[in-house]
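> whatever this is, show me its structure:
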Amino acid sequence: MDAAYKKINGNYGPDAETEEQGTEQRRRGSMYLEEETNKKSEVISCIFSLKEEVGALAKALRLFEDKGINLTHIESRPSRTKDQYEFFINVDSSCSQALDEVIDGLRTQISGNVHELSRNKQKDTVPWFPNDIQDLDRFANQILSYGSELDADHPGFTDPVYRARRKEFADIAYNYRHGQTIPRVEYTEEEKDTWGVVFKELKTLYPTHACREHNRVFPLLEKYCGYRQDNIPQLEDVSRFLQSCTGFRLRPVAGLLSSRDFLAGLAFRVFHSTQYIRHSSKPTYTPEPDVCHELLGHVPLFADSSFAQFSQEIGLASLGAPDEYIERLATVYWFTVEFGLCKQGSEIKAYGAGLLSSFGELQYCLTDNPKLLAFDPDKTSLQKYPITEYQPIYFVADSFEDAKEKVRKFAATIPRPFTVRYNAYTQSIEVLDNTKQLSNLADSINSEMAKLCEALRKLE
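You can find the predicted model right below:
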């Protein structure tokens with residue numbers, strides 16, 4: 001969007017630039033927001049690609065060695081560009097002052113392509129957050145681990161075929177950019193059999209254990225998105241369905257994102273989804289989110305307008321929040337979107353994706369074994385939880401609407417000097433920190449109120 005247009009409309013989000021009266025001072029974003037600068041020395045993570053030739057990596061590493069830069073992590077994989085390899089590195093932040101020279105050297109001396117990834121947080125500033133939906137491209141590959149990395153206790157750790165397959169999925173996500181069609185995947189018969197086991201077992205439990213919103217949407221997914229026991233749905237088909245229902249969309253992700261980045265996606269109604277499937281040796285178990293978890297657990301509820309708005313509220317609350325509140329919001333997310341229970345009439349039903357994608361825990365959570373507590377973000381956000389076993393405690397919401405209002409009140413306690421609002425027309429975040437923005441919001445509310453009053457008159 002044109003910078004002049006943003007200035008006219010009072011858009012002082014993280015990408016806006018203004019000039020102070022009588023000075024040449026520029027501010028990027030809100031007056032409070034820390035934004036990534038152009039200084040390479042602030043980058044502590046990057047990906048660079050080299051031609052596949054003898055000694056290329058040794059030359060590159062020598063540049064780091066000559067500047068005394070300590071690499072805390074390095075990982076390689078084939079590039080989609082022919083005859084090239086890509087290397088992901090983490091650099092000790094204490095060595096960041098010399099990194100700009102190394103990056104220049106990679107580009108000029110070795111003809112390497114460098115993509116800078118990370119952002120540093122400056123003291124006493126509000127952390128950077130995406131302003132436009134395209135900004136999600138900036139951190140989508142800033143992952144905690146690549147999808148092809150497996151722990152030693154992972155069921156597929158010793159399976160070279162499975163590990164290679166996981167690498168294929170990671171590469172699809174790594175090369176994806178907003179606005180592109182999500183590449184279709186030809187799943188193998190073994191992968192479809194694994195999906196089939198999970199699909200069949202869970203479908204028998206949904207009528208009695210899942211919330212009514214999940215059960216209302218699931219038949220629509222079967223009708224329009226290819227949800228069948230013998231077929232793994234494509235993310236692109238599911239994403240288009242969700243967009244037509246609530247404006248939510250899926251985006252492939254190569255590995256685990258930080259809590260801050262993952263929650264930021266929800267603010268734009270974007271869910272970062274895996275595309276790979278669990279190992280066939282243990283079809284009822286996965287140590288990490290997979291396509292069964294995403295498509296059977298998460299997707300049905302994202303098609304419900306009330307739940308979609310509730311999820312977005314958590315995302316909006318995370319934008320610019322201090323680190324300690326990100327941890328608390330991530331915990332709220334864990335006990336709601338992942339492992340939440342809700343009241344429906346005289347019964348309690350499951351709506352959390354971690355429950356709706358786990359045959360065993362979906363049964364367990366509605367027994368007398370776990371402890372059930374009323375959902376209260378102030379208390380829920382401080383609750384410790386295990387990640388490798390069934391939850392000993394679940395939180396029960398009265399309804400999605402009630403949970404949404406409680407999250408809004410909790411978000412109001414987060415110490416940040418502004419309020420944010422999602423503009424669905426421009427798919428951008430509006431930082432409400434000046435009178436022009438507030439005036440625009442008031443005009444928008446007045447317009448919507450006029451429509452509401454007109455509709456009520458016509459119903460009389």
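> quick one: low-confidence ranges for this protein?
1-45, 77-82, 93-97, 110-125, 144-149 (pLDDT under 70).
> in it, which helix is the longest?
In terms of residue count, the longest helix belonging to the chain (DSSP state H) is helix 435-459.
> list the buried residues in that one.
Gln437, Asn440, Leu441 (16 or more other CB atoms under 10 Å). All C-beta atoms are positioned from the backbone trio N, CA, C, and that covers glycine.
> could I get the residues you listed as CSV with distance to Val161?
CSV is the format used below for the buried residues of helix 435-459 (distance: CB to CB, whole Å):
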residue, distance to Val161
Gln437, 54
Asn440, 55
Leu441, 54
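> tell me the one of those nearest Gln383?
Set against Gln383, the nearest of the buried residues of helix 435-459 by CB to CB is Leu441 (34.5 Å).
> that closest one contacts Asn434, correct?
No - contact between Leu441 and Asn434 fails when scored by CB atoms under 8 Å: they sit 11.0 Å apart.
> name the helix or strand for the residue nearest the centre of the chain, please.
Geometric centre of the chain, nearest residue: Phe262, 2.8 Å, by CA atoms, centre = their mean. Using DSSP states H and E, the element containing Phe262 is helix 259-267.
> contacts for that helix, please.
Residues outside helix 259-267 that contact it (CB atoms under 8 Å, 6 or more residues apart in numbering) are 127, 129-130, 136, 139-140, 142, 251, 257, 271-272, 311-312, 314-316, 318-319, 323, 326-327, 329-330, 333, 420, 422, 429.
> can you name the element that comes right after that helix?
Assigned by DSSP H and E, the successor of helix 259-267 is strand 270-273.
> what strands line up against that next one, and which way round?
strand 249-252 (parallel) (DSSP bridges).
> after the partner strand comes which helix or strand?
Next along from strand 249-252, by DSSP H and E: strand 255-256.
> tell me how far Gly226 lies from Leu295.
The spacing between Gly226 and Leu295, counted by CB to CB, to the nearest Å, is 10 Å.
> now do Leu235
For Leu235, the distance to Leu295 - CB to CB - is 8 Å.
> check Ala254 too.
In terms of CB to CB, Ala254 sits 18 Å off from Leu295.
> those strands in the stretch 351-460 of the chain, which residues are they?
Here the stretch 351-460 of the chain has its strands, by DSSP state E, counting those that start in this stretch, at 371-374, 393-397, 419-423, 428-432.
> packing partners for the third one?
Judged by 3 or more CB pairs under 8 Å, 6 or more residues apart in numbering; DSSP states H and E, the packing partners of strand 419-423 are helix 305-318, strand 428-432.
> 10 Å instead, please
Counting contacts by 3 or more CB pairs under 10 Å, 6 or more residues apart in numbering; DSSP states H and E, strand 419-423 packs against helix 305-318, strand 428-432, helix 435-459.
> tell me the buried residues in the first one?
Translated: helix 305-318. Quick answer for helix 305-318 (16+ other CB under 10 Å): Phe307, Ala308, Phe310, Ser311, Gln312, Glu313, Ile314, Gly315, Leu316, Ala317, Ser318.
> how about the second one, nearest residue that isn't a chain neighbour?
The reference is to Ala308. Thr246 (3.9 Å; CB to CB, 6 or more residues apart in numbering).
> that neighbour and Val270 touch, don't they?
No - here Thr246 lies out of contact with Val270, judged by CB atoms under 10 Å, at a distance of 11.9 Å.
> so what sits against both of those two?
Common neighbours of Thr246 and Val270, using CB atoms under 10 Å, 6 or more residues apart in numbering, are Gln312.
> more neighbours: the two, which one.
Each of Thr246 and Val270 has its neighbours counted (other CB atoms under 10 Å); Val270 has more, 24 against 20.
> how near is that one to Leu136?
Val270 sits 6 Å away from Leu136, taking CB to CB as the criterion.
> likewise for Pro130?
Relative to Leu136, Pro130 is positioned 6 Å away (CB to CB).
> those two: which is more packed in?
Pro130 (23 against 19).
> how about that one, secondary structure?
coil (DSSP: H, G, I helix; E, B strand; the rest coil).
> isn't it right up against Leu319?
Yes - with contact defined as CB under 10 Å, Pro130 reaches Leu319; the gap is 8.0 Å.
> measure how buried Leu202 is and give me the count.
Neighbour tally, Leu202, other CB under 10 Å: 21.
> element containing it, please.
Leu202 belongs to helix 189-209, assigned by DSSP H and E.
> list the contacts of whichever helix or strand comes after that helix.
Next helix or strand after helix 189-209 toward the C-terminus (DSSP H and E): helix 212-224. Contacts of helix 212-224 with the rest of the structure, by CB under 10 Å, 6+ apart, involve 202-203, 206-210, 227-228, 233, 237-238, 240-242, 244-245, 295-297, 299-307, 342, 344-345, 347, 349-351, 353, 356, 400.
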